[in-house]
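> below is the sequence, then the predicted model.
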Amino acid sequence: MFGIPGKPPVSLTPAAVAHIVKLMAKDGTEGLRVGVKKGGCAGMEYTMEYVKEINAMDEVVEIDGARVMIAPMAQMFLFGTEIDYEVSLLEAGFKFRNPNVVDACGCGESIKFDETLAGKA
């Protein structure tokens, strides 16, 4: 695990907690797995998937019944990230406020991390 012992690698806003709890109840899952993958115009993209079974290598963050698993290769990229759930007139979805991101594309779907993080993967 990367980061500070005793401190969760990511935080969840109350809106994100409420939405994740609702998704877990609706779909009967163990939670959501968050990761990153290569892609998009800035180089990397966030991934989210429903989880039926927790992987032993996942970092598990549980807040008020909402469970988020962080994929092993994503842990260093996501440390310090706040996950929110926002609803606007045109869209609704999870938003990531990640201090490790140094650039993002115009659409907000693709991100770029500090090159020193990529060297640690």
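Structure's in. What do you need?
> state which helix of the chain is the longest.
Ranked by residue count, the top helix of the chain under DSSP state H comes out as helix 14-27.
> got the phi and psi for the residue positioned nearest the centre of the chain?
For the chain, the residue whose C-alpha lies nearest the mean C-alpha position (Cα atoms, centre = their mean) is Val34; its distance is 4.2 Å. Main-chain dihedrals, Val34, degrees, to the nearest 10: phi -110, psi 140.
> was I right to think it contacts Ala16?
No: under the contact definition of Cβ atoms under 8 Å, Val34 does not touch Ala16, with a separation of 10.8 Å. Heads up, the C-betas are built off the backbone N, CA and C, glycines and all.
> and for these two, which residues touch both?
When Cβ atoms under 8 Å, 6 or more residues apart in numbering defines a contact, the residues bordering Val34 and Ala16 alike are Ile83.
> state the distance from Gly80 to Phe96.
Here the distance between Gly80 and Phe96 works out to 11 Å (Cβ to Cβ, to the nearest Å).
> more crowded one of the two?
Residue environment comparison for Gly80 versus Phe96 gives the larger neighbour count to Phe96, 18 against 15, counting by other Cβ atoms under 10 Å.
> hang on, the more buried one in a strand?
Yes: secondary structure of Phe96, determined by DSSP: H, G, I helix; E, B strand; the rest coil: located in a strand.
> which strand residues bridge it?
For Phe96, the beta-bridge assignment (DSSP bridges) gives partners Ile83.
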